[in-house]
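Undergrad: dropping the sequence and predicted coords here.
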Amino acid sequence: MNAIVFDHVSKHYGDVLAVDDLSLAIEPGNTVALLGPNGAGKSTSINLLLGLLTPTQGTITLLGNTPAQAVKAGQLGAMLQDGALIPELSVKELIDLVRRLYPRPLDLDEILALADLSDLAARRANKLSGGQTQRVRFALAIAGAPRILLLDEPTAAMDVESRLRFWASMHDYAAGGRTVLFATHYLEEADEHSDRVIVIAKGKLAADGTAAEIKAGVGGQSVSFAIGDQPAAGLDLLPGVTAVEVLAGTATLHTSDVDATLAGLYRGTTLDVRGLQLSGADLESAFLALTRES
Ligand code: ADP
Ligand code: MG
């Protein structure tokens, strides 16, 4: 059974079409990035999953349940983009209060350890830094031991150190076979912290795959070298090559498979290859290309 299914889901806010006929399925145990620029429909999708919004069209299923059933069964945990803590309570009191709302919560000490908060347990919630506040919000999201964890731009307003600690916590939680869906507009986060990247733009699915597949799908990788006066004939026949340019003594081979092209270049030709340079389509250019097209 899939952890998360969107079946032809659309969501209108009046005239605004925030989610446009989105269909996707996520298997249990995966950590998936929902990547898209601001306004792409990430938060709307997460709020639909939580049953905080209702689709205008289509259906959403979580572990075979409707969002309302999944919430009731304690299967979902979430960190939303906004949401304040109760300032009068200590970190420990707040987490304990929330964990008691769930049928089968994690132990308090386990939550504190997973969220990297053991040293801050006695601290009042209004005396926390931005990064520490986000860790408490993460703790509240995992308190009920949810099988599906939804994180909406969880590292916004965190410094580099806090981000590293945050992602380590997320990976520890996911390691128990849980499903994590996190929204981000940071390409590196999607690349580094997910098994799969779902790119959305203007509410539509723009790409879906591993970060490597998405980069390759845009096909922007190239191999270039100093060819000098040597003949360029046949370079277009090397494996993976989609186009060849020769300009001022430099040959540039555009390729969908750098490894195969290089192997062909060295083994299949007698060219003297000097000054070899590889330029990859990074996720950034792939992302820009994808979100521009749609
Ligand atoms: P993201 O989280 O990817 O930045 P959102 O899901 O917040 O995107 O927004 C998607 C689109 O829906 C945007 O065009 C946004 O302006 C619009 N939108 C979001 N919330 C509302 C709302 N409550 N009323 C009207 N339009 C909204
Ligand atoms: Mg958002």
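TA: Perfect, thanks for sending it. Ligands and ions are numbered 1, 2, ... in the order given.

Undergrad: how about Arg163: what's its closest non-neighbour residue?
TA: Leaving aside its sequence neighbours, Arg163 sits nearest to Thr155 (CB to CB, 6 or more residues apart in numbering; 4.8 Å). Placement of C-beta: from N, CA and C, glycine included.

Undergrad: quick check: that neighbour is in a helix.
TA: No. Applying DSSP: H, G, I helix; E, B strand; the rest coil, one finds Thr155 to be coil, outside a helix.

Undergrad: any idea how far it lies from Phe138?
TA: Taken as CB to CB, to the nearest Å, the spacing of Thr155 relative to Phe138 amounts to 10 Å.

Undergrad: same check on Pro105?
TA: Here the distance between Pro105 and Phe138 works out to 15 Å (CB to CB).

Undergrad: higher neighbour count, those two?
TA: Using other CB atoms under 10 Å as the criterion, Pro105 and Phe138 rank with Phe138 on top: 24 against 20.

Undergrad: which residues sit against whichever helix in the chain runs longest?
TA: Identified as the longest helix of the chain according to DSSP state H is helix 160-174. Outside of helix 160-174, the residues that reach it under the criterion CB atoms under 8 Å, 6 or more residues apart in numbering are 31, 114-116, 130-132, 134-135, 138, 142, 149, 151, 154-155, 158, 180, 182, 189, 192-193.

Undergrad: so which of the residues you listed are in helices?
TA: Helix and strand membership here follows DSSP H; of the contacts of helix 160-174, those in helices are Leu114, Gly130, Gly131, Gln132, Gln134, Arg135, Phe138, Ile142, Glu189, Glu192, His193.

Undergrad: and those residues, which two are the farthest apart?
TA: With distances taken as CB to CB, the most widely separated pair in the ones in helices among the contacts of helix 160-174 is Gln132 and Glu192, at 22.4 Å.
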